[in-house]
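> With the input below, show me the fold.
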Amino acid sequence: MKEFWDNITSVQPEPSLQLVIGTGVAALLLIAWRPIWRHTRQVVTIAHEGAHGLIAALVGRKLSGIRLHSDTSGVTVSRGKPTGGGMIAVLLAGYPGPALFGLAAAFVLSRGYAVALLWGLLVALVILLLQIRNLFGLWSVLVFGAVVFGVTWWGSPSVQSTFAHLLTWFLLLAAPRAVLELQHSRRRGQGRSSDADQLRRLTGVPALMWVGVFGLVTLACLALGVLWSGVLPS
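Numbers count the residues shown, from 1 in each chain. The predicted structure follows:
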């Protein structure tokens, strides 16, 4: 047990610049190539709905469950006051959620704790799994969790570091694309029950402004993540 704990809490060697850049390019390909993105986007949905659920719990709402769908949409249901600051906070959390999780991961990686990051992610997925209320959602979280567990338990330190950096880049880079997709669907007359539109109904602030807020937060997280990654010369 001591060896296991030491493995989690020990600082890993600083990754090479080639690894950091290479995983960033690989993550960009997973996002930019549409046939792959249709599948990898489910990871963004998991983070998105997980952010809704986390904030719902933090503001004192009763979380009823989370559903993930094969079209990469999802829904998080919580009980509580339908208006007010708590509900606004829950709706605000979704689209920035993947970027903020990615930024937190980038911070942990910048301190050298790739293994701790992966184990923390596994704990978060187990907690999320308890809130899933449909079969496809269970399948999605279990498959993603199995991949993370396989890398964490059997992977070498270099494999663990590579996977942690790849996932971090993926969250940081995918979040802005999800915001762009949101606005694209709204311009086509779809997505009128989106987080931005629900925020408009609650606050009176135009939905487009909320989309802009989502975009600015995700881009700010990406910029700070790049800074922490060491890619830019100091």
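> Skipping its backbone neighbours, what lies nearest the residue sitting nearest the centre point of the chain in space?
Taking C-alpha atoms, centre = their mean as the criterion, residue 98 is the residue nearest the geometric centre of the chain, at 2.7 Å. Take residue 98 and drop its neighbours on the chain: the residue closest to it by C-beta to C-beta, 6 or more residues apart in numbering is residue 47, 3.9 Å away. All C-beta atoms are positioned from the backbone trio N, CA, C, and that covers glycine.
> Contacts for the strand or helix carrying the one you found, please.
Following DSSP states H and E, one finds residue 47 within helix 34-58. For helix 34-58, the surrounding residues in contact (C-beta atoms under 8 Å, 6 or more residues apart in numbering) are 29-31, 63, 66, 68, 72-76, 78, 80, 86, 89-98, 100-101, 124-125, 128, 131, 140-141, 144, 167, 170-171, 174-175, 178.
> quick one: average confidence on the helix or strand hosting the residue nearest to the centre of the chain?
Remark: residue 98 resides in helix 96-110, with elements defined by DSSP H and E. When pLDDT is averaged along helix 96-110, the result is 97.
> Please apply the same query to stretch 125-133.
Stretch 125-133 comes out at a mean pLDDT of 97.
> And stretch 176-191, by the same measure?
90.
> So what's the gap between that stretch and the chain middle?
Relative to the chain's own centre, stretch 176-191 is displaced by 18 Å; criterion: C-alpha atoms, centre = their mean, to the nearest Å.
> How far away from the center of its chain is the longest helix along the chain?
In the chain, assigned by DSSP state H, the helix with the most residues is helix 157-187. Relative to the centre of its chain, helix 157-187 is centred 7 Å away, using C-alpha atoms, centre = their mean.
> who does it touch, helix- and strand-wise?
Helix 157-187 sits against helix 17-32, helix 34-58, helix 96-110, helix 114-129, helix 135-154, helix 195-203, helix 207-229, with contacts defined as 3 or more C-beta pairs under 8 Å, 6 or more residues apart in numbering; DSSP states H and E.
> so of those, which one's packed in deepest?
The highest mean neighbour count among those, using mean count of other C-beta atoms under 10 Å, belongs to helix 96-110: a mean of 23.
> Start and end of stretch 30-39, how far apart?
9 Å (C-alpha to C-alpha, to the nearest Å).
> cool, and stretch 87-98?
Stretch 87-98 has an end-to-end distance of 19 Å (C-alpha to C-alpha).
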